[in-house]
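# Take a look and give me a structure for this.
(2 chains)
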Amino acid sequence: MSPLVALWALPLAPAAAALAGFLLPLKAKRTASLLAVAGVAAAVLALVLVYTTGGLSSVDGDETRFISDGPALVRFGSVAVTLSVGMSQLTWWVGLVVVVVALMVQVYSIGYLRADDERYNPYAAQISLFTAAMLLVVVADDLVLLMIGWEVMGACSYLLIGHDRKLPQAPAAAVKAFLVTRVADVAFLIGVLMLGFHIGSFRVDAIAEYALENGHSTMLTVSAVLIMIGAFGKSAQFPLHTWLPDAMAGPTPISALIHAATMVAAGAYVLVRLSQLLFTAGTATFLQIVAVVSMVVAALAALATDDLKRVLAWSTVSQVAYMMAAAGIGAWDESIFYLVGHGFFKALLFLTAGAVIHMTGTNSMSAMGGLRKGAPVTFWTMTIGFAALIGLPPLTGFYAKEHVLSHAYGHEHLVFYGGLATALLTAAYATRAWLRTFFGAPRGEAHAHDPNPWMLWPLLILAVPTVALGAVMSFLPSPPIGAGAADPTAMGLTMTAIAVGIGLAWGIWRTDKAADPARVLGPLGPVFEQAGYVNQIQDALIVTPVRFLATVARRSDESLVDGAAEGAGKGIGLLGRAVALTHRAGMPRHVLSVLAGALLIGAAAVVIGVWG
Amino acid sequence: MNALLIAVVAVPALGAGAAAVLGYLKKERAAAIAGTAFAALGLVLAALLALDHSGAPWSRVRTEWVPLLHLDFDLGVDGVSYPLVVLSGLLTLLCCAFTVWKKTDRPHLLIALLLIVDAGMLGVFLSLNLVLFFVFFEVVLLPMFAIIAGWGGANRRHAAVKFALYTLLGSLLLLVGIFVVVTGAETGDIIAITASGGGGLSRNTQLLAFVLLAVGLAIKAPLWPLHSWLPDAHTEAPTVGSVILAGVLLKMGTYGLIRVAVGVAPEGASRAALVLGVLAVVAILVAGLVCLAQTELKRLIAYSSVGHMGFVLLGIATLTPAGLTAALLGNIAHGLITGLLFFLAGAVKDRAHTGELARLGGLREVAPGLSGLLGFTALASLGLPGLAGFWGEAFAVYAAIQRHQALWTVLAVLAAIGAALAAAYLLRMLRLVTHGGTGEAVAAIARPGLARYEWASYTPLAAGALVLGLAPFLVQAPIAEAVTGILQAVAR
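Now for the predicted structure:
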């Protein structure tokens, strides 16, 4: 099989499964789950084939890649959108985390909601479509082609977040997720179109080449900033993060999919792909600032919230900010390795959280506690997930964090110290969530138990790369991913920060095992939880004015524009009646007016005759 | 090929005759089916027009008719008109079939009127003579008036009269514009006038001609602020009337702008382009905002049409190959998507007996098939990449950027913001109609499932929106050459 076929099969296999799934009758749930699993399994196979046939197996770091110049999908004047796809060693790993997480999510969902949800079929099909869209983003080498996957993900997130009918807040959260990212995508679209116009191509390669040859220009800066805004929207970076906590209204497997491997990671992925553009355009500092603000603000919010899923949601914002920061200091390989490692452990965390929520029936950590006994698999896998999130050695999360911070240490102060502070906060909030969920006396009535096998196995499988990926790569002589120098000082500082974070959380928790350690934040707690009050600012500056404008527009369109048209019609009608009125008269007056008219015409003739 | 050209216009007209005669003989069912059969034949014939696509135009038939008025019987087809011809045939067939199977009052008459409208629209798209173009343009008016007035909602009389008078005003301006051109150029041959860059008309005459033609056609399109006939007409028209109105009738305006207004008065067009562009963007934004505050389903879709056609007009206003290509793609996409939206709005209103958004809600619980389709169509309508609506709108923005002037860039940005507004109002619509708690009108739905004839009418449009989204070259490839031809004179 040619690598091109395998490369296209990667997004098309789940897409086909999605299309078939949408057309399936609602009762055929078994067929639907079979179809969904088969679609993503086919993508796994395609990914393996790409590796073996595309020349990616020759281990040579980022250099080995397969790119195909595709035919034009459509032409507008001189510019064409092409079906160009490609894959490198680095992006292959992103593809891997996508298909593995998607497969686990599909399997997990069978146990999570297939039995008692009559809309399981569209749900599974939407996951397939989501997977296909992300895989298209991974393989696309043309930015407009990429945008198809990019926005279809937004639409799928809308459909899936709004899935749960029992949650009254779900529809609004779904709309918010789509709209915030869509508004950011206005910037993305304009940035892409500007590049297309000036460069004459939407190809990622062509853009990098152009940037290298022509150097810095205002056009490049403007379009790079616009594209970054789009990426910030998708990756829920400050101040476009407002949709993500609300999106927790979606079913938990969906959160795993969105946070770990698809939409939220896509923003960081695209910025790494466009790194040449960002650096030539001189926008890297901007990226660093946004990333550091996001990682700190989100970590503080994670520290303050009581909702287990929201802790994980905020941690995603904070962790993706590490990837963004890495991209902003030129640590692209490190950024992608972070993405891959985070993909595995965040999927694990969300799926274990799903198991916890399944047994307790609540997201609130105030009603959990003491779940360690009776649910050993859930406990241990979630513990591994939290440890990886904190960055404890020798888990994958440790290597990922070390590589980024070591790369930054010494010259990129903003990213290093921001990252260090966040490492401390991450250790604190992860420890707090872990203790609040599993330790102390039970605060709810729930009977602790491990989930059914459909949900259990994905946890065990995801725990493997969470534990071993980083360590295995560090033993390879020339690892395909995850290579990176570790600076001893940076490592020492990070470990200290982590130890302090864990120590603080544990020390405070010990003083009162039933109370929330976050109580020591005092009045700051609610402030942190608001994450900069951007929600309120967004409402005041955008939502309310647009609503007001909409009402004004409707009123004025109905009364002024349509009123003018209707008024003109009525006016002419009135005029007609008035004229008709003057014509209603007796015979003598008609005779008189005819004579007067004749006189007038005669006079006019005379006048014209004399003067003309 | 010449016989085929004539047959494409004649078959729907004959179908109308057949339906009317059979209906007069009290064979109403047979009449309706016969009319539908003619519509199907018309679609097949229209599709066959692409068999020979070598020349420019692909094929042409002309005979002198009234030399004094420069009126020739002159039909031809090329890449610009072909997609619209097929779209008219398709939508007419779907509407006829829908009317046969749905319980309708006097179905044979409605089908006869639909076929006359179809014949008129096809004539408009195929005319290569200015006066003939006008004649066909007028053929459409009265049967459409009758469809609204005869089969419409409670307030149908007012809406029908408003539609007729408003568009008649446009026709008058169009007529004057056409005769300004025809008397100056001493020919009605659109191809010849375009090739000569305006038939030797002076700059100022061209500007006058363009303004007259553009205003006349813009009423049909419709361009803000000449749009206010449209929400009333759509809201009151029967489902099939709305589908044809939004799906094809509006395209007579935008097609006319490209073929006639830009084609025969290129210098006038380039002088008026910026004004047209500004009005188009105002239309996008105002329509988006009005939709956000709209409370009735069909009215909302009607206003969304104004916004979508704003993108088409923006593409035309740029007067670039990219812009015209985007406009023509947008035309077809809007025909498929908004046609389908009106079908679905009709299905909702038929079941819930109201279009008031406040009384709907929770449709996905009661009627999953219908609301799934509505969700798909709304996503297509908000310009989701990968579905048909995206290409025309995104690349109308591209074309405005491509003008590379500050003001055009501002227009591009505002139009793109308008696209985000479209997402906002369509998601709001879905939230109020399909999501949330079950509204009282939805709870009272007796038969929520879609009947077979409904699926049959909707799926071709949904499939079209998907196929055109994934393979836009199907429409774009034939357009390319013809667009360059039209713009040659502008570039000079």
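# From now on I want contacts and neighbour counts done on CA atoms only, so please keep to that.
Noted.
# Could you tell me which other helices and strands the helix or strand hosting residue B:271 packs against?
Assigned by DSSP states H and E, residue B:271 falls within helix B:266-292. If you count contacts as 3 or more C-alpha pairs under 8 Å, 6 or more residues apart in numbering or on different chains; DSSP states H and E, helix B:266-292 packs onto helix A:544-556, helix B:203-220, helix B:297-318, helix B:406-433, helix B:473-491.
# Just send those helices back as TSV, with mean neighbour count, distance to residue A:80 and mean pLDDT too.
Listed next are the helices and strands packed on helix B:266-292 as TSV, based on neighbours: other C-alpha atoms under 10 Å in any protein chain shown; distance: least, C-alpha to C-alpha, whole Å; pLDDT from 0 to 100:
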stretch	mean neighbour count	distance to residue A:80	mean pLDDT
helix A:544-556	17	35	84
helix B:203-220	24	30	91
helix B:297-318	29	17	93
helix B:406-433	23	19	92
helix B:473-491	19	10	82
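# for the helix holding residue B:271, which positions count as buried?
B:266-274, B:276-292 (16 or more other C-alpha atoms under 10 Å in any protein chain shown).
# what's the angle from that helix to helix B:203-220?
Computed by axes from the mean of the first three to the mean of the last three C-alpha atoms, to 10 degrees, the angle separating helix B:266-292 from helix B:203-220 equals 30 degrees.
# Tell me how far helix B:266-292 lies from the chain's centre.
How far helix B:266-292 lies from its chain's middle: 17 Å, per C-alpha atoms, centre = their mean, to the nearest Å.
# Please apply the same query to stretch A:542-553.
Here stretch A:542-553 is found 27 Å from its chain centre; the criterion is C-alpha atoms, centre = their mean.
# would you put the C-alpha positions of it in CSV?
What follows is stretch A:542-553, C-alpha atoms only, in CSV (Å, rounded to 0.1, in the frame of the first residue of the first chain):
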residue,chain,number,x,y,z
ILE,A,542,-19.4,41.5,24.0
VAL,A,543,-22.5,39.5,24.8
THR,A,544,-24.7,42.3,26.3
PRO,A,545,-23.8,44.9,23.6
VAL,A,546,-24.4,42.4,20.8
ARG,A,547,-27.8,41.5,22.3
PHE,A,548,-28.6,45.2,22.6
LEU,A,549,-27.5,45.8,19.0
ALA,A,550,-29.6,42.9,17.8
THR,A,551,-32.7,44.3,19.4
VAL,A,552,-32.0,47.7,17.9
ALA,A,553,-31.3,46.2,14.5
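# can it be found next to chain B?
Yes: counting by C-alpha under 8 Å from any C-alpha of the partner chain, contacts between stretch A:542-553 and chain B involve A:546, A:547, A:549, A:550, A:551, A:553.
# Just give me the closest of those to chain B.
Nearest to chain B, judged by C-alpha to the nearest C-alpha, of the residues of stretch A:542-553 next to chain B is residue A:550 at 4.3 Å.
# Does the closest one touch residue B:287 like I think?
No: with contact defined as C-alpha atoms under 8 Å, residue A:550 does not reach residue B:287; the gap is 9.2 Å.
# Same list as before, the helices and strands packed on helix B:266-292 that is, but in CSV and with distance to residue A:23 included.
As requested, the helices and strands packed on helix B:266-292 are exported to CSV (distance: least, C-alpha to C-alpha, whole Å):
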stretch, distance to residue A:23
helix A:544-556, 37
helix B:203-220, 38
helix B:297-318, 26
helix B:406-433, 20
helix B:473-491, 25
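# mind checking which of these is nearest residue A:165?
With respect to residue A:165, and counting by C-alpha to C-alpha, the nearest of these is helix B:406-433 at 12.1 Å.
# picking up where we left off before, for the helices and strands packed on helix B:266-292, which one sits closest to residue B:114?
When these are compared by C-alpha to C-alpha, helix B:203-220 sits nearest residue B:114, at 17.9 Å.
# Dump the C-alpha coordinates for that closest one into PDB.
Taking Å, rounded to 0.1, in the frame of the first residue of the first chain, the C-alpha atoms of helix B:203-220 are listed here in PDB:
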ATOM      1  CA  ARG B 203     -18.100  56.100 -19.000                       C
ATOM      2  CA  ASN B 204     -21.000  58.000 -17.600                       C
ATOM      3  CA  THR B 205     -23.700  56.200 -19.500                       C
ATOM      4  CA  GLN B 206     -22.200  52.900 -18.200                       C
ATOM      5  CA  LEU B 207     -22.400  54.200 -14.700                       C
ATOM      6  CA  LEU B 208     -26.000  55.200 -15.200                       C
ATOM      7  CA  ALA B 209     -26.800  51.800 -16.800                       C
ATOM      8  CA  PHE B 210     -25.000  49.900 -14.100                       C
ATOM      9  CA  VAL B 211     -26.800  51.700 -11.300                       C
ATOM     10  CA  LEU B 212     -30.200  51.200 -12.900                       C
ATOM     11  CA  LEU B 213     -29.500  47.500 -13.600                       C
ATOM     12  CA  ALA B 214     -27.900  46.900 -10.300                       C
ATOM     13  CA  VAL B 215     -30.700  48.500  -8.200                       C
ATOM     14  CA  GLY B 216     -33.300  46.600 -10.300                       C
ATOM     15  CA  LEU B 217     -31.500  43.300  -9.800                       C
ATOM     16  CA  ALA B 218     -30.500  44.100  -6.200                       C
ATOM     17  CA  ILE B 219     -34.200  44.200  -5.100                       C
ATOM     18  CA  LYS B 220     -34.500  40.600  -6.200                       C
END
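# all strands of chain A, in order?
Listed in chain order, the strands of chain A (DSSP state E) span A:65-68, A:72-76, A:79-82, A:85-88.
# picking that back up, out of the helices and strands packed on helix B:266-292, which comes closest to residue A:254?
The closest of those to residue A:254 is helix B:406-433. By C-alpha to C-alpha, the value is 19.9 Å.
# Now do the closest one: distance to the chain's middle.
Taking C-alpha atoms, centre = their mean, one finds helix B:406-433 lying 21 Å from the centre of the chain it belongs to.
# One more: stretch A:580-588?
76 Å.
# what about it, start to end distance?
End-to-end distance for stretch A:580-588: 18 Å, by C-alpha to C-alpha, to the nearest Å.
# Now do the buried residues in that stretch.
For stretch A:580-588, it's none, nothing buried (16+ other C-alpha under 10 Å).
# which stretches of chain B have low pLDDT?
Where chain B drops to pLDDT under 70, the residues are B:1, B:491-492.
# Quick check: residue A:583 vs residue A:590, distance?
Counting by C-alpha to C-alpha, the gap from residue A:583 to residue A:590 is 8 Å.
# What of residue B:411?
Separation of residue B:411 from residue A:590 (C-alpha to C-alpha) stands at 60 Å.
# which bits of chain A sit near chain B?
By C-alpha under 8 Å from any C-alpha, the part of chain A that sits against chain B consists of A:73-78, A:147-149, A:151-152, A:155, A:165, A:168, A:171-172, A:175, A:179, A:182-183, A:186, A:189-190, A:193-194, A:197, A:546-547, A:549-551, A:553-554, A:557, A:561-562, A:565.
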